[in-house]
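Participant: just to be clear, the model below is a prediction. Sequence and coordinates:
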Amino acid sequence: MRKLRWVLLPLTVAAALLAATQVGARTEAGDAKAPIKIGISLPLTGNFSEPGTAAMRGYQIWAQLVNARGGILGRKVQLLITDDGSNQNTIVADYTRLITEDKVDLLLGTFSSLLNLPASAVAERFKMVYVEPAGGSPKMFNRGFKYLFFAQQATAPHQADRFSNWVAKLPASKRPKTAAYPTQDDPFTQPVIEGIKSKLEKAGVRTVYSKVYAPDTTDFDTIAAGIKASGADLVAEGAVFDDGVGIIRSFKKLGYNPKVLFETSAPSESVLFSKAIGVKNTEGIFYAVSWSPAAKGSNYPRNKQFLKAYKKKYQGKIPAEDAADAFAAAQVLETAVRKVGKIDQDKIKDYLSGGHDSRPAELGRDGRAAAGIPARPVAGRQVPDRPAEGDRDDQEDRLPEAELALGKEQAVPRGPSAPAARRAEGEAWLEWYRRSWGARCWR
């Protein structure tokens, strides 16, 4: 069996090299009025299903608004969304199929550094622009990729800078003296917590507990007991969602209430998070957010439209941050295509990395809450952090009726390709990826 694997791998890579050449040369061949197909794989099930579903909604609202304005370059957009099940093997197979079989014109990224790391390698191999809405791990940007762009304003180590600075500037009598740092073994959460820890230690806050736990951890009683025993005044947890809820429930069982509690991503799913731990228990929990529904004015030209369309479709609910980030990533790609005037991967890549104001999507960067540093127009890093000229919608109060490009809230059917088969198909790609970029570049 092992020999068979070694025989298959070169064949897979050889086929990939041929397909990559074909994709790199592809521009706007075909019917100019055919829809622009945009391929996306998202974690609609599994560990990242909550933020993955929110991201899907953000993409869908963007497609609805774009199509209501006539599309892009005179063509409607069609989203081809697959469910990767929060699995790295599956997402590699998904993006490969979207490119080589579905022949998508454009790509948009997924949720989490864990999934974006291998997914972006597929896009890079095929020389297709890949704008990611979430996934700020430093490991995303140390590989020299040219087609990768990040649509937020801060990478992971700087996500919590505002929180850290706030703690450090508290009067000595109110500043926490000790801190605990539990974090999931995740390429995004760990750098966030390390960034907090570094800043607070410099401010004189002593570390009394630190632990990295497995992503599949479900029982947090032991971790919570260790934190309580440490006497930490402040707890900063690198949490995705379920783990953030789990540790709070364990704190409640123990009767432990730290003076300050910070979590990375879990509270961003505000409705689900509040229901899971109880609304009264949300008071005093901090997290870094990249978007605010309250932002308005010339710096946030589409925020009002986004909110209106989202609340109309989802029974008046306020969007999760991950929905806004996906909407913003799609706007980055949209603006680049409009500016270039055609679908040409290299020209879109050059535009985004060439110092232009390629980001129209300042949906609502709340200066009081948003963490981090200004984005820089560097390929494989963040795109510029200013709205593009002329991207304002002069009729943002008028929202024409329009069907979503993806109709119901579900993934595009993949025919006979079952999830298990897609994971197996992705294993060969991941083997090539490990050999090309390092065996542990996403863990």
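Facilitator: Good, I have the coordinates. Quantities reported herein were computed from a predicted structural model and do not represent experimental measurements.
Participant: what's the burial count for residue 229?
Facilitator: Residue 229: 12 surrounding residues under other Cβ atoms under 10 Å. Glycine gets a C-beta too; all of them are placed from N, C-alpha and C.
Participant: let me redo that: residue 354
Facilitator: 11.
Participant: the chain should start at 23 in everything you say after this.
Facilitator: From this message on, residue numbering opens at 23, which makes the last subject residue 376.
Participant: ok, it to residue 127 distance?
Facilitator: Residue 376 sits 21 Å away from residue 127, going by Cβ to Cβ, to the nearest Å.
Participant: list the buried residues in stretch 121-138.
Facilitator: 121-122, 126-138 (16 or more other Cβ atoms under 10 Å).
Participant: so which helix or strand takes in residue 371?
Facilitator: Element membership of residue 371, judged by DSSP states H and E, is helix 367-375.
Participant: buried stuff in that helix?
Facilitator: Neighbour counts over helix 367-375 (16+ other Cβ under 10 Å) mark 367, 369-375 as buried.
Participant: just the closest of the residues you listed to residue 276, please.
Facilitator: residue 374 (48.7 Å; Cβ to Cβ).
Participant: can you put the buried residues of helix 367-375 in CSV and add pLDDT and distance to residue 146?
Facilitator: Shown next, in CSV, are the buried residues of helix 367-375 (pLDDT from 0 to 100; distance: Cβ to Cβ, whole Å):
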residue, pLDDT, distance to residue 146
367, 97, 11
369, 96, 17
370, 96, 14
371, 95, 10
372, 94, 15
373, 94, 17
374, 93, 14
375, 87, 13
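Participant: can you pull out the low-pLDDT segments for this protein?
Facilitator: By pLDDT under 70, the weakly predicted segments of the chain are 23-54, 377-465.
Participant: so what's the residue nearest to the spatial centre of the chain up against?
Facilitator: The centre of the chain sits closest to residue 156, judged by Cα atoms, centre = their mean, with a distance of 1.8 Å. Contacts here follow Cβ atoms under 8 Å, 6 or more residues apart in numbering; on that basis residue 156 touches 73, 77, 131, 133-135, 138, 174, 210, 344, 347-348.
Participant: restricted to helices, list these.
Facilitator: 73, 77, 135, 138, 344, 347-348 (DSSP state H).
Participant: would you point out the most distant pair within the residues you listed?
Facilitator: 135 and 348 (15.4 Å).
Participant: can you flag the buried ones in the ones in helices among the contacts of residue 156?
Facilitator: Applying 16+ other Cβ under 10 Å to the ones in helices among the contacts of residue 156 flags 73, 77, 135, 138, 344, 347-348 as buried.
Participant: do I have it right that residue 359 meets residue 370?
Facilitator: Yes: counting by Cβ atoms under 8 Å, residue 370 is a contact partner of residue 359 at 6.3 Å.
Participant: including distance to residue 247, could the buried ones among the ones in helices among the contacts of residue 156 go into JSON lines?
Facilitator: Below are these laid out as JSON lines (distance: Cβ to Cβ, whole Å):
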{"residue": "73", "distance to residue 247": "29"}
{"residue": "77", "distance to residue 247": "35"}
{"residue": "135", "distance to residue 247": "30"}
{"residue": "138", "distance to residue 247": "34"}
{"residue": "344", "distance to residue 247": "32"}
{"residue": "347", "distance to residue 247": "35"}
{"residue": "348", "distance to residue 247": "38"}
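Participant: now the helices for the protein?
Facilitator: Going by DSSP H, the chain shows helices at 24-47, 71-90, 110-122, 135-147, 183-190, 211-224, 243-252, 264-276, 292-299, 325-335, 343-362, 367-375, 441-459.
Participant: quick one: which of the ones you listed is nearest residue 311?
Facilitator: Of the helices of the chain, the one closest to residue 311 (Cβ to Cβ) turns out to be helix 343-362, at 5.4 Å.
Participant: output that closest one as PDB, nothing but the C-alphas.
Facilitator: Backbone C-alpha positions of helix 343-362 (Å, rounded to 0.1, in the frame of the first residue of the first chain) are rendered in PDB as follows:
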ATOM      1  CA  GLU A 343     -18.300  39.600  12.700                       C
ATOM      2  CA  ASP A 344     -17.400  36.700  10.500                       C
ATOM      3  CA  ALA A 345     -20.200  37.600   8.100                       C
ATOM      4  CA  ALA A 346     -18.900  41.100   7.800                       C
ATOM      5  CA  ASP A 347     -15.300  39.900   7.300                       C
ATOM      6  CA  ALA A 348     -16.500  37.700   4.400                       C
ATOM      7  CA  PHE A 349     -18.500  40.600   2.900                       C
ATOM      8  CA  ALA A 350     -15.400  42.700   3.100                       C
ATOM      9  CA  ALA A 351     -13.100  40.100   1.500                       C
ATOM     10  CA  ALA A 352     -15.600  39.800  -1.400                       C
ATOM     11  CA  GLN A 353     -15.600  43.600  -1.800                       C
ATOM     12  CA  VAL A 354     -11.800  43.600  -2.000                       C
ATOM     13  CA  LEU A 355     -11.900  41.100  -4.900                       C
ATOM     14  CA  GLU A 356     -14.800  42.900  -6.600                       C
ATOM     15  CA  THR A 357     -13.000  46.200  -6.600                       C
ATOM     16  CA  ALA A 358      -9.800  44.700  -8.000                       C
ATOM     17  CA  VAL A 359     -11.800  43.000 -10.900                       C
ATOM     18  CA  ARG A 360     -13.600  46.300 -11.600                       C
ATOM     19  CA  LYS A 361     -10.400  48.300 -11.600                       C
ATOM     20  CA  VAL A 362      -8.600  45.700 -13.800                       C
END
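Participant: show me what it is packed up against.
Facilitator: When contacts are defined as 3 or more Cβ pairs under 8 Å, 6 or more residues apart in numbering; DSSP states H and E, helix 343-362 packs onto helix 71-90, strand 128-130, strand 152-154, helix 325-335, helix 367-375.
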